[in-house]
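**Student:** what follows is a predicted protein model with its sequence.
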Amino acid sequence: MTSQHPDFDEEQAYIDRAYACLEASRTDAWKMRGLTESGTGGTFQNRFERNAIDEALVKRLTDLDLGDAALVFGRIDRLAEEVDDGAAIGIESFHIGRLAVSDDNREPVVVDWRAPVAEPFYRATGRDPMGLARRRHFVVQGRTLHGIEDELFGVGHLGVGADDGLVEDADGATQAVTGLRGYSTLLASIERGRSGQLGDIVATIQAEQDEIIRSPQGGVLVVQGGPGTGKTVVALHRAAYLLYTNRFPLEDQGVLVIGPNRVFLRYIERVLPSLGEAGVEQVVLQDLVPDVRWATSGAGMVDGRTTARVKGDERMADLVRKAVKDRQRPLREDLRFPFRHGYVRMRAEETERIIKSARRRFHRHNPACRWVENELWEAMAATWRDGEASGAQVREALKNDDEARAMIDRIWPRLSPAQLLHDLFGSKALLKLANAGRFSEDEVLSLYRDRSESLDDVRWTVADAALLDEARMHLGPVPRRNGKVDESDEIRTYGHIVVDEVQDLTPMQLAMVTRRSLSGSLTVVGDLAQATGAHAPSTWNDVLDHLPERKPSRVIGLSVGYRIPGQIMELATRVMHAAAPGLVAPRAVREGVAPPRIVSVPAVDELLAVVASETVAMVDVIGPGNVAVVVPDSMAEATSEFFAARGIEHGRAASAALDSGVTIVPVGLVKGLELDGVIVVEPAHIVRAEPQGMRALYVALTRSTQRLTVVHAEELPAPMRD
């Protein structure tokens, strides 16, 4: 494509006009906001309406701020009308972009990509042109048009197959292409240097991706996609599409995006705002658990293999439920407390009765605390001279008595999830009692850890999030001093949830997702071949068994790999077949500039020096793109120190995402990322250290869009040997 297309100047002028209209809309919105800010008087209703208008205008202004993203990226020309003989009368054109823009007369200048009229831009084929005569793709950076690619329809007599369109290049020459929409534009997008942030694909969405994006809301939609198929951006674009088509009530219900780690969240954070949807909540699972402190670095972030597997097992739900019940303890013997000029008694059999009654009356533990306490005061009052005292009088007399308060805390304590699990994990006796034969003794005792002096000193691991959430469900919120419950303490639900890398979630984590679903509407994406967690599923049914079943679920596959060059995919596929026999790798649509480079190091003590030199060489070749050095988790610190000593500027994925030109990425954090160049260090070490070692290696080998280098001192795993 060159700038010589005959319509180039006309289309650039149209893009300029679209931006002028967008700026006029922004100016009008600011003027309107200025009017709503004039004064704070009026009735409550007046102020409420003014604030609502102001909030809507602020959102509109946010939506209109595109940053460097292109406003317009395509155009469709469709047949406006047909007569009996099939001849077309008139052509109507629509420019497609990421936001709807109108002129002063409210005539559309740009059509939102999610609008029904824009669907043929993504779906039309030679076999089913959907009324199109031409589809035009723009290569645009911001406001500047760099190229035009045309696909012509209704020209089968020129010898093009039924599934083909015709591409007209910048000079007007017509050529046949198969399979992919806007092939040249797609390649230009893929081969552009990575910025360290995942970009949207709104301009280059392919038909199989669009089918998923526009699929109706309802039930669980599973998107199975191998590396480079675009499953993450497809899921995010689907969230934007659902918000557009179901604005009410979905915007009020909320949309939640759950990612595997914070590096990944930093990587995807710009996609939805670039599509005009800035209000979607993007989290890791730990963010959904309030009032605790997490281990942030080092080995403390994650548990050992046995502990992690036990914490993720669905049997932990019953263990936690039993642990709550174990804290509802009747007295073993009667107690007496001073009252007036005598004593009141708390009879052991009465505490048994009160506990049984509380369990029948209340589904959760904490909401019963106030009722249980009142029943205890009343039971003690009944022992004073045949009931001549009231429970309120006994409470007033004993509310500051340490022994009385200790008794109540023993029988039915107020518990936060952190308090429950801190006590549970810090006592082998409590663990064995709650276990009740569910796990072996070695397994349940793998949960044991020394108690901290203060709950504030506890640092929880990633796997603890689901257990804290399970405890929160069974305990319920802790009542305030006035006995009331703050609604913010309840678990929030969402109208639609997106989960990325879902194949790595444990049954307990999937249950955590399920209890946040308002209606059972989820988009979950992943790849069984990349399952590296402690509970790697064999089929998608292993995942669906733990997700909502209100409506039938669907599993849709993405078969085309857009990002990874064919030579790299060939090497990675050999590893995949060893890791997950029977699964099919995606089909790469392009060949890369070079095959993978395998560098053998004669001695282990020379490994980091070779890694450093290969990194410098790759940076020189890649140019302005980004490079990742993917290492076994245990090598990340040493690699960073070596690079610093050599003066190689670099970032660490755990703290800075992919903001640097060179980033050292532990293999445990690399999933879901894409980079221009990747250096994978010591594959055999990765295989040996990870729970699903061969799958983790497959993930590492499939991150590059351009070049891959493998550096090793140990012998390569068998599938990589040529």
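**Tutor:** Done, it's in. The model shown is predicted, which means the values in this text are computed figures rather than measured ones.

**Student:** doesn't residue 448 make contact with residue 304?
**Tutor:** No. Look at residue 304 against residue 448 with Cβ atoms under 8 Å: they stay out of range, at 11.9 Å. In short, each C-beta sits where N, CA and C put it, glycine included.

**Student:** between the two, tell me which one has more neighbours.
**Tutor:** residue 448 (16 against 10; other Cβ atoms under 10 Å).

**Student:** list the contacts of that one.
**Tutor:** Neighbour list for residue 448: 425-428, 431 [criterion: Cβ atoms under 8 Å, 6 or more residues apart in numbering].

**Student:** tell me which of those is nearest to residue 616?
**Tutor:** Proximity of those to residue 616 (Cβ to Cβ) peaks at residue 425, which lies at 46.7 Å.

**Student:** what's the pLDDT at the closest one?
**Tutor:** Here, the pLDDT recorded for residue 425 equals 98.

**Student:** for it, grab the count of nearby residues.
**Tutor:** Residue 425: 19 neighbours (other Cβ under 10 Å).

**Student:** hey, which helix is longest across this structure?
**Tutor:** Using DSSP state H, we find that the single longest helix of the chain is helix 8-36.

**Student:** point out where the stretch 451-600 of the chain drops to low pLDDT.
**Tutor:** Low-confidence segments of the stretch 451-600 of the chain (pLDDT under 70): 481-488.

**Student:** and the helices in it, which stretches?
**Tutor:** Listed in chain order, the helices found in the stretch 451-600 of the chain under DSSP state H, counting those that start in this stretch are 464-475, 507-514, 541-544, 566-579.

**Student:** the second one to helix 464-475, inter-axis angle?
**Tutor:** On the basis of axes from the mean of the first three to the mean of the last three Cα atoms, to 10 degrees, helix 507-514 is oriented at 60 degrees to helix 464-475.

**Student:** for stretch 594-603, measure first residue to last.
**Tutor:** 27 Å (Cα to Cα, to the nearest Å).

**Student:** ditto for stretch 302-318
**Tutor:** OK, stretch 302-318 end separation, Cα to Cα: 23 Å.

**Student:** please apply the same query to stretch 541-548.
**Tutor:** Length of stretch 541-548, first residue to last, Cα to Cα: 12 Å.

**Student:** so how far is that stretch off the chain centroid?
**Tutor:** Relative to the centre of its chain, stretch 541-548 is centred 17 Å away, using Cα atoms, centre = their mean, to the nearest Å.

**Student:** poorly predicted segments of this structure, please.
**Tutor:** For the chain, applying pLDDT under 70 flags the ranges 1-3, 33-65, 81-89, 154-179, 181-184, 187-196, 297-300, 481-488, 655-657.

**Student:** still on that earlier bit, out of the helices of the stretch 451-600 of the chain, deepest packed?
**Tutor:** Highest mean neighbour count of the helices of the stretch 451-600 of the chain: helix 464-475, a mean of 24 (counted as mean count of other Cβ atoms under 10 Å).

**Student:** quick one, strands of the stretch 1-150 of the chain?
**Tutor:** 72-79, 91-97, 101-102, 108-112, 132-141, 144-152 (DSSP state E, counting those that start in this stretch).

**Student:** now for the nearest residue to residue 365 once chain neighbours are set aside: which residues touch it?
**Tutor:** Nearest non-adjacent residue to residue 365, counting by Cβ to Cβ, 6 or more residues apart in numbering: residue 475, 4.7 Å away. When contacts are counted by Cβ under 8 Å, 6+ apart, residue 475 touches 324, 364-366, 415-417, 420.

**Student:** against residue 585, how distant is residue 475?
**Tutor:** Distance, residue 475 to residue 585, by Cβ to Cβ, to the nearest Å: 46 Å.
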